[in-house]
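Student: sequence unknown, structure follows:
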């Protein structure tokens with residue numbers, strides 16, 4: 001993903017509904033992933049520039 005100005009925002013992909021699903025989006029120029037498990041647990045991962053995903 002290329003965001004040279006650092007000001008891109010919005011949803012990239014989303015799947016699910018009220019009881020569960022996931023979303024991959026950009027907020028404040030930062031990519032993030034959010035997962036909802038049956039409306040009981042929510043997880044958010046925010047990516048940091050220069051940090052490898054392992």
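Tutor: Everything's here; your move. No experiment lies behind these values; they were computed from the predicted model shown. Numbering: from 1, shown residues only.
Student: For burial, what's the neighbour tally of residue 32?
Tutor: When neighbours are counted by other Cβ atoms under 10 Å, residue 32 registers 15. Using the backbone N, CA and C atoms, a C-beta is placed for each residue, glycine as well.
Student: thinking it is in contact with residue 45, fair?
Tutor: Yes - in this structure residue 32 lies within contact range of residue 45 using Cβ atoms under 8 Å: 6.6 Å.
Student: which stretches of the protein form strands?
Tutor: All strands of the chain, identified by DSSP state E, fall at 10-17, 20-27, 30-37, 41-46.
Student: Please name whichever of the ones you listed is nearest to residue 4.
Tutor: Residue 4 sits nearest to strand 20-27 of all the strands of the chain, at 13.3 Å, using Cβ to Cβ.
Student: for the closest one, which positions count as buried?
Tutor: By 16 or more other Cβ atoms under 10 Å, the buried positions in strand 20-27 come out as 23-24, 26.
Student: pLDDT on stretch 25-34, on average?
Tutor: Average pLDDT, stretch 25-34: 86.
Student: wait, what's in contact with residue 12?
Tutor: 24-26, 31 (Cβ atoms under 8 Å, 6 or more residues apart in numbering).
Student: what residue ranges in this structure are flagged as low confidence?
Tutor: The chain contains residues with pLDDT under 70 at 1-3, 6, 50-54.
Student: could you redo the last one with a cut-off of 80?
Tutor: Applying pLDDT under 80 to the chain flags the ranges 1-8, 28-29, 48-54.
Student: Beta-bridge partners for the closest residue to residue 38 other than its chain neighbours, please?
Tutor: Leaving aside its chain neighbours, residue 38 sits nearest to residue 20 (5.0 Å; criterion: Cβ to Cβ, 6 or more residues apart in numbering). Beta-bridge pairing for residue 20 (DSSP bridges): residue 17.
Student: Can you tell me how far residue 20 is from residue 7?
Tutor: 31 Å (Cβ to Cβ, to the nearest Å).
Student: Also residue 32?
Tutor: 15 Å.
Student: and if you look at residue 17?
Tutor: From residue 17 to residue 7 the distance is 30 Å (Cβ to Cβ).
Student: same question, residue 47
Tutor: Using Cβ to Cβ, we find residue 47 at a distance of 16 Å from residue 7.
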